[in-house]
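S.K.: give the three-dimensional model of this entry:
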Amino acid sequence: MLRSLENRVAQTRHLQDAVTNVDRHFGELCQIFAAYVRKTARLGDKADLLVERLEAKVVEPLKAYGAIVKMKRDHLKAPLTARNQEAKQLTQKEYVGETHLINMLFHRQKPSYRELR
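M.R.: Alright, predicted model coming up:
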């Protein structure tokens, strides 16, 4: 029975020491967690600012660049179409001229002044 009493006293002393340690260090632990939360919040705020800056400095100009490229492509359509049409006409004229020359050579016709021009 004496041992049982000593065990209970030791357990009680152990619980009191645990409560004292928690009481002593709990405030410090709360301060550490509060500092961590504040630091995390500041980092979150900085991340939000960074995203906003990226949006303003990178994304928006890229959106505008897409519109500019589309506009330039539309401006180039007419000259490119005209150039392609001109190249097609030149190719057709060369083909017709070559065909006419071949016909004259094989059929021994004399070219007229108008045909040589």
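
S.K.: neighbours of residue 39, how many?
M.R.: 10 (other CB atoms under 10 Å). Where you see a C-beta, it was placed from the backbone N, CA and C, and this is true even at glycine.

S.K.: helix, strand or coil for it?
M.R.: helix (DSSP: H, G, I helix; E, B strand; the rest coil).

S.K.: one more: the one 5 residues further on?
M.R.: Three-state assignment for residue 44 (three-state DSSP): helix.

S.K.: now do it against residue 51, distance only.
M.R.: Computed as CB to CB, to the nearest Å, the residue 44 to residue 51 distance reads 11 Å.

S.K.: quick one: low-confidence parts of this structure?
M.R.: Applying pLDDT under 70 to the chain flags the ranges 1, 101, 104-105, 107-117.

S.K.: what is the burial count for residue 72?
M.R.: 9.

S.K.: off-centre distance for the helix or strand where it lies?
M.R.: Assessed by DSSP states H and E, residue 72 sits inside helix 60-107. Remark: helix 60-107 is offset 35 Å from the chain centroid, using CA atoms, centre = their mean, to the nearest Å.

S.K.: same question, stretch 4-24
M.R.: That offset, for stretch 4-24, works out to 61 Å (CA atoms, centre = their mean).

S.K.: same deal with stretch 38-56?
M.R.: With CA atoms, centre = their mean, you get 19 Å for stretch 38-56.

S.K.: report the central residue of this structure.
M.R.: By CA atoms, centre = their mean, the chain has its centre lying nearest to residue 59, at 7.8 Å.

S.K.: now it: how far from residue 2?
M.R.: If you go by CB to CB, the gap between residue 59 and residue 2 works out to 79 Å.

S.K.: repeat for residue 70
M.R.: Where residue 2 is concerned, residue 70 sits at a distance of 95 Å (CB to CB).
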